[in-house]
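A.B. asks: I would like the atomic coordinates for the input below:
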Amino acid sequence: MKRVLATTAISVALVLGLVALADELYEERTLSYDSGKLAGLERLPNQGARVDFEPVGSWEHVYLAKASVFARRYGGGDDAAKTFANIAVTDREGKVLEQRLLPLSHFSESGGWVDVEMSPLELTEPFSAVIYPYSLEDRGIEVGYAEASGARRSWQGNPSMGFKPVADGRDWMVRVVVRNSLEPRHVIPLAEISGDGFRYYDDGQVDGYLTSQRGGALVGFERGSARMLKEVCFFGKVGGDWFKLKPTFRVFLLDNDLRVLTSVQREYSILTEMPHWTVVDFPDTPITTDFYILIEPVSRPEYALNIGYDSSGANRSSFYGTVGSIKDWKFEVNRDRFNWMIRVEVG
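C.D. replies: Now for the predicted structure:
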């Protein structure tokens, strides 16, 4: 009996250890060589400021998250929102892997760090981050640099003339943030969107995913004693070229006659390619009748938002439809045992 108890204790300890390890899987790291202390700012009319980096060797996977640049805007006036700097991540041969055009209005006149979100590109080889200010006499940005650290990873130039190490060994204040997983950064535990105050029909376990180009997932809810819709959440994932094309989807609150009470438009980027529960930033809205939640993925051949469903029980109030109408069921899965994984919080 003691041996059984001991074995059980060891098994429980191993499980707890694995859970703890899973909680520690996600990690972000800022790659930089500068000290963080500004030594000066420089204008680069026809050149760029480049810093070379290596992927994190101890990670199995390294994904690009964002780039950061310390810079100051000068001149520009009303043109600050119409004039751009180019921030790029390249391989060592100069091939652009990812880039963003950032309006000069994003940079302050006093100077500071500017973060640029990047697509989750996997980095497997040495790479570089470079900013091309495209500065002119009357407007542009100045790039910050710190005193020399001895790393000698900073370069100055452009693709046509080539890059040379900066003469005084200074470190450009250009950084890259990487992460080791594509898992969502903030996973919502199922317990947080269950129980009192929440309405739902799924059992929390996804059995498949569906998407549509027109119309979408429609779920009806009884108002009961609720007076306010507080939150909408759903289980889903995105795929395709969503990170490049920046598609959006829409969430509607409809009354009992399928008329719009309110709606919000959100970018695919609030999800990831790894499925998880997503809370939509939805405004608190009074409800006076039974109501519907409609999520229209607006998927295309190039990208898709896939909404999870549960097939463990009878369909309680899940439909395919759009504003003003419930449409014929168009999916091949059995609608009789089908519930969209869409939940609402009411109060």
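
A.B. asks: Tell me which stretches of the protein form helices.
C.D. replies: Per DSSP state H, the chain carries helices over the ranges 2-23, 242-245.

A.B. asks: Lowest average confidence across those, which one?
C.D. replies: Looking at these, the lowest mean pLDDT belongs to helix 2-23 (a mean of 37).

A.B. asks: So for Glu142, what's the nearest residue that isn't a sequence neighbour?
C.D. replies: Nearest non-adjacent residue to Glu142, counting by C-beta to C-beta, 6 or more residues apart in numbering: Leu41, 3.8 Å away. Just so you know, the C-beta spots here come from the backbone N, C-alpha and C atoms, and that holds for glycine as well.

A.B. asks: Quick one: residues contacting the one you found.
C.D. replies: 71-72, 111, 142-145 (C-beta atoms under 8 Å, 6 or more residues apart in numbering).

A.B. asks: I figured Tyr201 hits Val219, correct?
C.D. replies: Yes: applying C-beta atoms under 8 Å, one finds Tyr201 in contact with Val219, separated by 7.3 Å.

A.B. asks: between these two, which one's more packed in?
C.D. replies: Val219 (26 against 20; other C-beta atoms under 10 Å).

A.B. asks: Next one: the more buried one relative to Trp340, how far apart?
C.D. replies: 5 Å (C-beta to C-beta, to the nearest Å).

A.B. asks: Show me whatever sits in contact with both of the two.
C.D. replies: Joint contacts of Val219 and Trp340 (C-beta under 8 Å, 6+ apart) are 201, 318.

A.B. asks: and the residue lying closest to Cys233 once chain neighbours are set aside, how many neighbours does it have?
C.D. replies: Nearest residue to Cys233 in three dimensions, chain neighbours excluded: Val279, at 4.6 Å (C-beta to C-beta, 6+ apart). Using other C-beta under 10 Å, Val279 has 16 neighbouring residues.

A.B. asks: pLDDT at Val279, what is it?
C.D. replies: Val279 is given a pLDDT of 91.

A.B. asks: Can you give me the distance of it to Glu231?
C.D. replies: From Val279 to Glu231 the distance is 6 Å (C-beta to C-beta).

A.B. asks: ok, now which ones touch the residue nearest the centre of the chain?
C.D. replies: Nearest to the mean C-alpha position of the chain, counting by C-alpha atoms, centre = their mean, stands Ser269 at 4.2 Å. Taking C-beta under 8 Å, 6+ apart, we find Ser269 in contact with 242-243, 246.

A.B. asks: Drop anything exposed from the residues you listed.
C.D. replies: Among the contacts of Ser269, the ones that count as buried by 16 or more other C-beta atoms under 10 Å are 242-243.

A.B. asks: hang on, the earlier thing: from Leu254, how far out is the residue nearest to Cys233?
C.D. replies: Per C-beta to C-beta, Val279 is found 20 Å from Leu254.

A.B. asks: how does the protein divide into domains?
C.D. replies: Domains of the chain are assigned by automatic domain parsing as 28-179, 190-346.

A.B. asks: next one: the longest one to chain centre, how far?
C.D. replies: Looking back up the chat, that one is domain 190-346. 19 Å (C-alpha atoms, centre = their mean, to the nearest Å).

A.B. asks: and the end-to-end length of it?
C.D. replies: End-to-end distance for domain 190-346, by C-alpha to C-alpha, to the nearest Å: 17 Å.

A.B. asks: With the shortest one instead?
C.D. replies: Start and end residues of domain 28-179 are separated by 4 Å (C-alpha to C-alpha).

A.B. asks: Over to stretch 142-161?
C.D. replies: From its first residue to its last, stretch 142-161 covers 21 Å (C-alpha to C-alpha).

A.B. asks: List the buried residues in it.
C.D. replies: Neighbour counts over stretch 142-161 (16+ other C-beta under 10 Å) mark 142-146, 148, 153-157 as buried.

A.B. asks: Please narrow those to those residing in strands.
C.D. replies: Among the buried residues of stretch 142-161, the ones falling in strands (DSSP state E) are 142-146, 154-157.

A.B. asks: which one among those gets closest to Arg335?
C.D. replies: Val143 (58.1 Å; C-beta to C-beta).

A.B. asks: Chain neighbours aside, what residue packs nearest to that closest one?
C.D. replies: Using C-beta to C-beta, 6+ apart and skipping residues adjacent in sequence, the residue nearest Val143 is Ala49, 4.6 Å away.

A.B. asks: Could you report the neighbour count for the one you found?
C.D. replies: For Ala49, using other C-beta under 10 Å, the count is 26.

A.B. asks: For Arg72, see how far away it is.
C.D. replies: Ala49 is 13 Å from Arg72, where distance means C-beta to C-beta.

A.B. asks: what does Phe163 give?
C.D. replies: Look at Phe163 and Arg72: by C-beta to C-beta, they are 23 Å apart.

A.B. asks: residues in contact with the closest residue to Ala146 other than its chain neighbours?
C.D. replies: If you skip the residues right next to it in sequence, Ala146 has Asp34 as its closest partner in space, 3.9 Å away by C-beta to C-beta, 6+ apart. Counting by C-beta under 8 Å, 6+ apart, Asp34 makes contact with 70, 145-146, 149, 171-175.

A.B. asks: Thanks a lot, see you next time.
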